[in-house]
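>>> Provided below are the primary sequence and the corresponding predicted coordinates.
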Amino acid sequence: MDLKQIFKTPNPIIGVVHLQPLPTSPRWGGNLKAIIGRAEQEATALASGGANGIIVENFFDAPFAKDSVDPAVVSAMTLIVERLTNLVTLPIGVNVLRNDAHSAIAIASCTGAQFIRVNVLNGIMATDQGLIEGQAHQLLRYRRELGSDVKILADVLVKHGRPLGSPNLTTAVQETIGRALADAVILSGWTTGSPPNLEDLELASAAALGIPVFIGSGASWENISTLMQAADGVIVSSSLKRNGRIEQPIDPIRVSQFVEATRRSLSQKREQENRDANGLRGPTPEPGKVTSKT
């Protein structure tokens, strides 16, 4: 997966548009026009704040279907994704919760979206929806049948779930890439809003062997400088919401703050890599200070 080709940067910041409850979900309010309006506002906030991509998901449809969602959800999401692709120029992705990857890739293929997120691509996870089995063999064949080039970003040991058997992060990453053929992998904390730890990100990055590794949850402008030391990109939502509250809409000011913090950390990371390559010891010096090669 060539991140620079899709996102115009090797280290993309992907903001999430959490759709309000869609038709047939328990909290559906009967006003699809209002849902579309909020989605458009949030997509605009992400674009104006400097995000490099957007992923659309039916976050407020909880409790989620384990696998296939209702056709009304697919129809509504297709309509919304189509509207957003015509509204902003950013690459757009789709995540149909809890794990309807077939609907996600169908929506993406029909609307021109460029990637999907799959919570469980392979293996078996025990979740609050029950046991979810990955169906990589069916999904990859379906993508081929569609003649689609939509990229698959797959969670490894996904949040709000526990693997059956002993979890081994290195093996899980290797199998998600080498056997399930994910185009990129995502590493999250255990729940929404909780970040992965740096050690796990480093293990995942080492196991991925050059395949992109994304931070999937819990990123904020306070911790992004640490997390991006071992990741290629970040998917972010909660910390971009007004007052940091998950039910609130995305705040363009918070988007700008997060983007600035991420870019600053990436700049420092590259400077340190250049220093290491040139044999300079120690951390990157503060502006105005001069160091000599030793």
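Sure thing, it's come through.
>>> where's the residue positioned nearest the centre of the chain, which helix or strand?
Geometric centre of the chain, nearest residue: Ile235, 3.6 Å, by Cα atoms, centre = their mean. Ile235 belongs to strand 233-236 when assigned by DSSP states H and E.
>>> quick one: contacts for the residue nearest to the centre of the chain?
By Cβ atoms under 8 Å, 6 or more residues apart in numbering, the residues touching Ile235 are Ile14, Gly15, Val16, Ile55, Arg117, Ile186, Phe214, Ile215, Gly216, Ser217, Ala219. Every residue, glycine included, has its C-beta placed from N, CA and C.
>>> in three-state terms, label the spatially closest residue to it that is not a sequence neighbour for me.
Distances taken as Cβ to Cβ, 6 or more residues apart in numbering place Ile14 nearest to Ile235, at 4.7 Å, with adjacent residues excluded. Under DSSP: H, G, I helix; E, B strand; the rest coil, Ile14 falls in the strand class.
>>> give me the phi and psi for Asn95.
phi -130, psi 110 (degrees, to the nearest 10).
>>> these two touch, right, it and Ile55?
Yes. With contacts counted by Cβ atoms under 8 Å, Asn95 reaches Ile55, the gap being 5.7 Å.
>>> joint contacts of those two?
Common neighbours of Asn95 and Ile55 (Cβ under 8 Å, 6+ apart) are Arg117.
>>> what's around the residue nearest to Ile235, how many residues?
26 (other Cβ atoms under 10 Å).
>>> I figured it hits Val56, correct?
No. Assessed by Cβ under 8 Å, Ile14 is found out of contact with Val56, at 10.8 Å.
>>> spit out the residues that contact those two alike.
Gly93.
>>> so what strands line up beside the helix-or-strand element of the chain with minimal mean pLDDT?
The least trusted helix or strand in the chain, going by mean pLDDT, DSSP states H and E, turns out to be strand 161-163, with a mean of 74. Sheet neighbours of strand 161-163, with direction, are listed as strand 124-127 (antiparallel) (DSSP bridges).
>>> tell me which residues in the partner strand are buried?
Neighbour counts over strand 124-127 (16 or more other Cβ atoms under 10 Å) mark Met125, Thr127 as buried.
>>> do the same with stretch 156-169
Buried residues in stretch 156-169 (16+ other Cβ under 10 Å): Val156, Leu157, Val158, Lys159, His160, Gly161, Pro163, Leu169.
>>> which residues of the protein fall in strands?
13-18, 53-57, 92-95, 115-118, 124-127, 130-133, 151-155, 161-163, 184-187, 213-215, 233-236 (DSSP state E).
>>> can you give me the helices in the chain?
Applying DSSP state H to the chain gives helices spanning 3-7, 32-49, 71-87, 101-111, 136-146, 169-178, 198-208, 224-227, 252-277.
>>> hey, which of the ones you listed is tucked in deepest?
Greatest average neighbour count among the helices of the chain goes to helix 101-111 (a mean of 23), per mean count of other Cβ atoms under 10 Å.
>>> could I have the CA atoms of that one written out in PDB?
The C-alpha trace of helix 101-111 is given here as PDB (Å, rounded to 0.1, in the frame of the first residue of the first chain):
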ATOM      1  CA  ALA A 101     -16.500  -6.000   5.400                       C
ATOM      2  CA  HIS A 102     -18.400  -7.100   2.300                       C
ATOM      3  CA  SER A 103     -20.800  -4.200   2.600                       C
ATOM      4  CA  ALA A 104     -17.900  -1.900   3.200                       C
ATOM      5  CA  ILE A 105     -16.000  -2.900   0.100                       C
ATOM      6  CA  ALA A 106     -19.200  -2.800  -2.000                       C
ATOM      7  CA  ILE A 107     -19.900   0.800  -0.800                       C
ATOM      8  CA  ALA A 108     -16.400   1.800  -1.400                       C
ATOM      9  CA  SER A 109     -16.200   0.300  -4.800                       C
ATOM     10  CA  CYS A 110     -19.500   1.900  -6.000                       C
ATOM     11  CA  THR A 111     -18.700   5.400  -4.600                       C
END
